[in-house]
Structure formats: C-alpha cells, structure tokens
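Q: prediction below, plus the sequence it came from.
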Amino acid sequence: MNNLDSSRLAQHEAEIDLGIYWTAITEKKWFIVFIVFLAMGIAGFYIIITIPVYKTNTILQLEIRNSPLKGLDDISSMLSSDNQETLAEIEIIRSRHVIGQVVKKLRLDTIIEPRYFPIIGEGFTRYYKKYFADDNDNQLMEPLWGLSQFAWGGEKIKIDHLTVSTSYENQTLKLIAGKNNHYQLYDVEGNLLLEGYVGKLVIAKLEEEILVEVKLVELQARPGTEFIIIKESHSVTVSKLQEKLEVTEKSRDSGILELNLEGYKPVKIKQILNTIAQIYVQQNIERKSQEIGNMLSFVNKQLPILKTSLKKAEARLRVYYKKYGTVNVELETHTLLNQLAEVEKRISSLELALVNYKSQYSKTNPILVILKKQLTQLKSERTAFNKRIRRLPKAEMDLVEVMRDVEVTSEVYALLLNKAQELEITKAGVIGTVYIVDPAIIAIEPIKPNQLLIIGMAVFSGLFLGIFLALLRKAIHASIDSVDIIEQRLNLDIYAIVPHSAKQTKITKKCRKKFIEPQILAIQNPNELAVESLRSLRTNLQFTLMKTKKPIITINGSVPGVGKSFISSNLAQIIANNTSKRVLLIDGDMRKAHLHQCFGQTLSPGLSEIISGKCELEMAIRHISSNIDDKEIEISLLPAGIRPSDPSELLMNGQFQIVLETVSKQFDLIIIDTPPIIGITDAAIIGRLADNINLLVIRAGEQTIKEVELSIKLFEKSSAKITGVIFNDVSLKSSYSYYEYGYKY
C-alpha cells in the first residue's frame, strides 16, 4: 500500500470515528433535549428561590488637605502625597469609629425576620408580593398545606427597643405571634423567656439580671406564626459591615471615592450608605475643628509667655542704653541678628506643625520623623548663631544679646499673634474637605442572580452533560454500530445491511392490531430502501443455497426486538416475488408468537399443534396471496400455534425433524423465524435440526459484542453454527450506513 492510500485510509477512519460520535448523539437527541430542559428547570427553580442581591453606591469628593497655617503648605506637600491621604481617608471610612456609629444609629445589630418554609418559602413570598399582592394590601396570605407556623406573605413586625444580656447575644430567639397583639419569646433551647403585648415594654429577668428587654410597636401575623430575632454584639455587626463595604478611588490621585454596598434589601442598603457618608463628612468637619482647636490652644499658651519675655528683653535694652548710651553696631552683626530671628520663627512654625500632626499620626509616622529632624537641625543652627554672638567684643556682645532677645522675641510674638487671629477666623468658619457628590439611591434591578447568565449556563451545561452521558452510555454499552466490529472482531460475514425504515416503524405498530390484509413493507412499499437491501440478501442467499442440501434458512437474534420477524416476513415475500419459488415461512417462536399478526392470520392451528400431533400439516399451513405490481404472489405461512408448556421439549421429540423433512420436499425454500437465542434453547435446537443456513440479525447500536459472542457460543454448544449476519436498522446518517456498500438513490 503506497503512502497516498495510507493517507486516504487514515482520513476515512477519522471520518468514521466522527460519524460514530455524531450518530450516538443524534440517536439520543431527545434524551439530550430532556437533560437541557431539566437543567433549565433547575436553573429556573434556583432563580426563584434565590434571594435577589441589590447594589448601590455613593460618590464622595476628597479635597487635597491644606495646612491651616500659612507657611506650612510647603511642608505638607513635601511630607505627604495625595495617594497617601486618600488611602488614609479610605481607612477612616472603614474604621470602627465611623461604622460603629452607623450600626448604633440604624440599629443594624438587631435582626428580625419571619420564619419561612425551607428553601421555597421566601421565594414564594417574594413572588406573591411582586405579582399578586396589592400595594395597600394588608391581608395575610393563607398558609400552604396548613403550615401556619411559617410566614407566607403579608407579615409585618417592628421592634422599637431590644436589649439582651451578654449570654443571649448572637443567639437566635424565636418570637411566636398570638391573638390580639399578644406574643411569646423563646430562647434557642425552646424555653419561654417572656410574653407580652405590642406597644408595651416587657422585661425578662433572672434574679436581678435583665436577660431580655423588648418593645414591639407593630406585629401583623397569624396566630402561631414564628419570627427569628437575633441581637448581635456590636463588634460582630461592625465587622460584617466592614467586610461588605467596598471603598475605592475612582482613579489614582483623583480624590473621588466610591462606596459600594450589596444587600438583600435595597431600601436598607441605601440608608446604610447614606448614613456612612453623612457620619464620615461630619467627623471630617469635627476632625478639622479639633486640629485647629489644638493649635489655637498651643498658640494661646505661648503668647503670654512670649509677651512676658518680650517685656523683660525691652527693659534690659532700656537699661543698657541708659548706662552705656548709644553704641554703633556693625552691618555683619545686624545680619546675624536677622538670621537668628528667622531661625527662631521657623522653629516656632515647626513646633506648631508638630502640634497639628501629633494629633493625626503615630510617633513612627514618616511625617513626624522628618519634622523632628528639621526641628533638631534648626535648633543646631540657632546654637551656632549664639556661639558666633559670644565671640564678639564684650560691649558689642552684651548689646547684641539684649537686641537679640528683643528682636527675636518680638518677631516670634508677632508671628504667633497673627496665627492666633487666623486660627480664630478659621475655626469660626471651618468646613470639611469631603463632599457628597452623589448620594446613594434605591437599586431597582438586582445584580444577582443574573438570570440570563444562569439560563445560558444551564443550557450549555445541560447540552454538555447530555452529550457526555450519551457518549458515556455509548462507551459503556459498547454496542455494535459498524460492520468492522462484526467482520474483524466477531469474524462473521455480512450478508446484508438493512437501513432504518420509518415506514416499517409504523407498520410494526399496526401489526399489534388485527388486520385482514398483510402488513408487510415489501408489499406496501416495494421501492423502500430497506426492501432493496433485502433483495441483495436474496441474491447472496441464492449462491449459498446452491451449495446446501436443505433449502432451509433460520433467522435468529440474540435478544427480542432486533427485527427477526421483519427480516423473515419481507425476505419470504421478496423471494416469492422475484423467483416464483414456493416459499414457506415458519414462526418458530412458540413462546411469544406474533408473525401471524403481520399477515392478518390466526395463531392456531400452527406448529405446536402439528408437532404434538393435534393437527395435520396441511390444515395448519396458510396460503397467503398478495398483489405486487399487478402480479399475484403467494407465500405459505405456518404460525407458531398455541404455546405449549415446554417448547424446548416439544422441539426435541423428533416430530419437528419430520416436519422439516416433509416441508423441504413440498417447498423450494423454508424460512424459520426463531425465538431469541440468549436465555432460550429453542433457537439453537432449530438451528441444529435445520443444519443449513443460520443467519443472525444484529440491530445497529442496540446490541453489545458480548451478547453476540454469547449467542455464537450457545449455537456452537448445540453443534450448530452461525452462517452470517444481517446488520439491521442502520442509520442513514451513520458513517457505516448503507451507502458505504455502494447502494445509492
């Protein structure tokens, strides 16, 4: 074989493999469709029972913070960045200080919900409210199946006050509604804690300890309806809200913060987000006011001290002038005094900045570290200037020291006095650096579950699972769907490949009813492709019959439903039509005979009566005439007869062998439709006694290799042999279809 032939063969085998898979899928298409619809049903059920999740957001603008002290802006810009400030504000928003106030203000630590029927109850209630309940409908939905302890729609409850002892925090309490606004409260173990009425404060005590203190302001429910109440600890509720709250910056260094929150109740999550924003803005203003207050307090403390120092320095200067008179000071000395005064002002500014930043950052913060380092450097410069002053001549040094004290103290005093006035003005009109741009709104459409996505995934998953199961069944079942398996693995000859016939399917259903005329495909549709394939079988059998002594053909099958009766009846009709031979069709299945129904004949008398001696052969054989293409065709039929108590024993008593020898002389061809081979020995007995041509019918895609191999072994044990195979009901879409063997139309 050359390379080109090998390539074509490999390509052909690949096409065949794909054809096998495609056939397995198409054969189970309705099963796959069922799986897809089942997956869609499960997805729809999931959508109904899943609580919708809503999401809303609020937008905040964070302005770049400027120092409240002029002259410190350069320090702020040098020591911090916009991104660091934004990250700090994000952490403040998520802090326990802010979130804790929200929890306390909105009473988020109190959870109270109706008890719904497991799995479907809440979804049922939700759809009832959405599609069936009126807007002002205060009526309660009637309980399903008499389960009045569950909420089914229309229930309302509102708590004005609830406190519990530490032992009952984070525990599930059960409230049961009674008649006339009466209710009872039970602990997790079912012990009654208290009972009371709506509108009244009720307290449950154990000795002097208050266990539960509750006040209901509204309760609308059927008597017996249960509610779940949980009083969470403050820290647990804060932690939960911190986990749910998402705070991000819209873009780097933009100063625009987005707060997102998901939840089951759109009104509640809107209220929570807006409250977070309001509390954060308020604390931002308070923080700014506190910063200014701290600096103002520091300045006010320093001013009296500086004023006293200034007066003392001025007094010393007057004493000096009175004692020594006026002394000329050189230009270099004046410059030295000015530089020293500037250093003192910068030291005062840095000390004021330290007061501001110490209230905001920890000791290890880089900003404070740099500020302290700069302050140390400035103090070193001040020390250096003082050393230079001490090196001046005695008279000049004394004058410079007095002038230094006056000038420096005066400059610093003026600086702090100006700062005090500025801080007073700033404090009076302090505003925050955070603004609410977009407050949260009520979310209309839920973000979860995503119905289109879930349905799409269900369709895809159902399709994938259906195809997988179809192919898995194909692999596990290991059915025979190709002639290669029959020829190579089973080593059997293929006598005919009969394609699937939709018309034969209809005829098979009709045969179960009583008909006067024969219901045979070869008679009603002689041009059907399946009939054409049986004509090829007739041709193959003619050459085989020439080499045999007995004109007997047995049509066998491993299990019921492989199409033996279809092959037998149509083959008999075709041979009688095309060869004008006398053909006898024998129904050898005396257990579940139905071949007579296809010809519109009665079951008895038949083969069982002949073998048992209750009837003569001539009386049991029916001669059936039919008209095909204006040609009168006649075949003979020997029905199975009334079922005997033991068909196998009846076949082995020797009389059946005599019947076969008799009809072999009277007819040119005898075709015997046998019962299934597996589980019944009748077919093997008939095959051994006929001792001629035993054909095995294999239905494509329905029978396993093990079934066929077992059938062959059973025949061999009875000293019989399978002559060849009729591959029946082959799909026209299969790669191993009828066309592979040269028949086209």
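A: Yep, it's here.

Q: longest strand of the chain?
A: Secondary structure of the chain per DSSP state E: the longest strand is strand 209-220.

Q: residue 21 reaches residue 468, doesn't it?
A: No. Counting by Cβ atoms under 8 Å, residue 21 does not reach residue 468; the two are 11.5 Å apart. All C-beta atoms are positioned from the backbone trio N, CA, C, and that covers glycine.

Q: ok, back up a step: what sits up against the longest strand of the chain?
A: Outside strand 209-220, the residues within contact range by Cβ atoms under 8 Å, 6 or more residues apart in numbering are 138, 140, 154-165, 167-168, 173, 177, 181, 183, 185, 193-194, 196, 198-205.

Q: so which of those belong to strands?
A: 156-164, 173, 177, 183, 185, 193-194, 196, 201-205.

Q: ok, residue 456 - how many residues close by?
A: Other residues within reach of residue 456, judged by other Cβ atoms under 10 Å, total 13.

Q: quick check: it vs residue 32, distance?
A: Plainly put, residue 456 is 17 Å away from residue 32 if you go by Cβ to Cβ, to the nearest Å.

Q: check residue 491 too.
A: 35 Å.

Q: cool, residue 713 as well?
A: Distance from residue 713 to residue 32, by Cβ to Cβ: 36 Å.

Q: these two: which is more packed in?
A: Remark: of residue 713 and residue 32, residue 32 carries more neighbours, 21 against 11, as counted by other Cβ under 10 Å.

Q: that one belongs to a helix, doesn't it?
A: Yes. Residue 32: assigned to a helix according to DSSP: H, G, I helix; E, B strand; the rest coil.

Q: my guess is it contacts residue 25, does it?
A: Yes. Using Cβ under 8 Å, residue 32 makes contact with residue 25 at a distance of 7.0 Å.

Q: overlap in contacts of these two?
A: 467, 470.

Q: buried ones in stretch 194-214, by neighbour count?
A: Residues of stretch 194-214 classed as buried: 194, 196, 198, 202, 204, 211, 212, 213, 214 (neighbour count, 16 or more other Cβ atoms under 10 Å).

Q: wouldn't the fourth one be in contact with residue 182 here?
A: The reference is to residue 202. No. The criterion here is Cβ under 8 Å, and residue 202 misses it with residue 182 at 10.9 Å.

Q: okay, and the common contacts of the two?
A: In contact with both residue 202 and residue 182: 195, 196, using Cβ under 8 Å, 6+ apart.

Q: can you map out the strands along the stretch 1-150 of the chain?
A: 54-62, 110-114 (DSSP state E, counting those that start in this stretch).

Q: TSV for those, including mean pLDDT and distance to residue 692?
A: Formatted as TSV, the strands of the stretch 1-150 of the chain follow (pLDDT from 0 to 100; distance: least, Cβ to Cβ, whole Å):
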stretch	mean pLDDT	distance to residue 692
strand 54-62	91	81
strand 110-114	91	82
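
Q: those strands: which one's closest to residue 441?
A: strand 54-62 (6.2 Å; Cβ to Cβ).

Q: surely residue 239 is within a helix?
A: Yes. Residue state for residue 239 (three-state DSSP) corresponds to a helix.

Q: do you know the pLDDT at the residue positioned nearest the centre of the chain?
A: In the chain, the centroid-proximal residue (Cα atoms, centre = their mean) is residue 454; its distance is 6.9 Å. With respect to pLDDT, residue 454 has a value of 92.

Q: rewinding a little: so which of the strands of the stretch 1-150 of the chain comes closest to residue 621?
A: Per Cβ to Cβ, nearest to residue 621 of the strands of the stretch 1-150 of the chain: strand 110-114, 81.3 Å.

Q: can you tell me the strand partners of that closest one and which way each runs?
A: Partner strands for strand 110-114, per DSSP bridges, with pairing direction: strand 226-231 (antiparallel).

Q: relative to strand 209-220, how tilted is the partner strand?
A: 140 degrees (axes from the mean of the first three to the mean of the last three Cα atoms, to 10 degrees).

Q: returning to that earlier point: highest average neighbour count across the strands of the stretch 1-150 of the chain?
A: Of those, the one with the most neighbours on average (mean count of other Cβ atoms under 10 Å) is strand 54-62, at a mean of 19.

Q: how far does it sit from the chain's center?
A: Mean-position distance between strand 54-62 and its chain equals 28 Å (Cα atoms, centre = their mean, to the nearest Å).

Q: other SSEs contacting it?
A: helix 82-93, strand 256-263, helix 266-324, strand 434-438 (3 or more Cβ pairs under 8 Å, 6 or more residues apart in numbering; DSSP states H and E).

Q: try 7 Å this time
A: Contacts defined by 3 or more Cβ pairs under 7 Å, 6 or more residues apart in numbering; DSSP states H and E place strand 54-62 against strand 256-263, helix 266-324, strand 434-438.

Q: in the shortest one, which residues are buried?
A: Using 16+ other Cβ under 10 Å as the test for burial, strand 434-438 gives residue 434.

Q: can you name the residues in contact with stretch 624-635?
A: The contact list for stretch 624-635, computed with Cβ atoms under 7 Å, 6 or more residues apart in numbering, reads 518, 523, 526, 572, 573, 576, 577, 583, 585, 599, 623, 637.

Q: please check the residues you listed and keep the buried ones.
A: Judged by 16+ other Cβ under 10 Å, buried ones among these: 518, 523, 526, 572, 573, 576, 577, 583, 585, 599, 637.

Q: the first one contacts residue 596, correct?
A: It refers to residue 518. No. Applying Cβ atoms under 7 Å as the test, residue 518 and residue 596 come out as separate, 10.4 Å apart.

Q: which ones are touching residue 534?
A: 496, 498, 570, 571, 574.

Q: distance of the first one relative to residue 34?
A: It stands for residue 496. 34 Å.

Q: go on, the fourth one?
A: Look at residue 571 and residue 34: by Cβ to Cβ, they are 37 Å apart.

Q: what do you get for the second one?
A: Per Cβ to Cβ, residue 498 is found 29 Å from residue 34.

Q: which one of the two has more residues nearby?
A: residue 498 (27 against 13).

Q: mind checking the SS state of that one?
A: Residue 498 ends up strand, using three-state DSSP.

Q: that one against residue 535, yeah?
A: No. At 10.8 Å, residue 498 does not count as touching residue 535 under the criterion of Cβ under 7 Å.

Q: buried stuff in whichever strand or helix holds residue 710?
A: Assigned by DSSP states H and E, residue 710 falls within helix 705-717. Residues 707, 708, 711, 712, 714, 715 are the ones in helix 705-717 that count as buried (16+ other Cβ under 10 Å).

Q: and stretch 476-484, by the same measure?
A: So stretch 476-484, judged by 16+ other Cβ under 10 Å, has buried residues 479, 480, 481, 482, 483.

Q: tell me the pLDDT at the last one?
A: Reading off the per-residue confidence, residue 483 sits at a pLDDT of 79.

Q: please pull out the lowest mean pLDDT helix or strand from the protein.
A: Every helix and strand in the chain was compared by mean pLDDT, DSSP states H and E; the lowest is helix 73-79, with a mean of 46.
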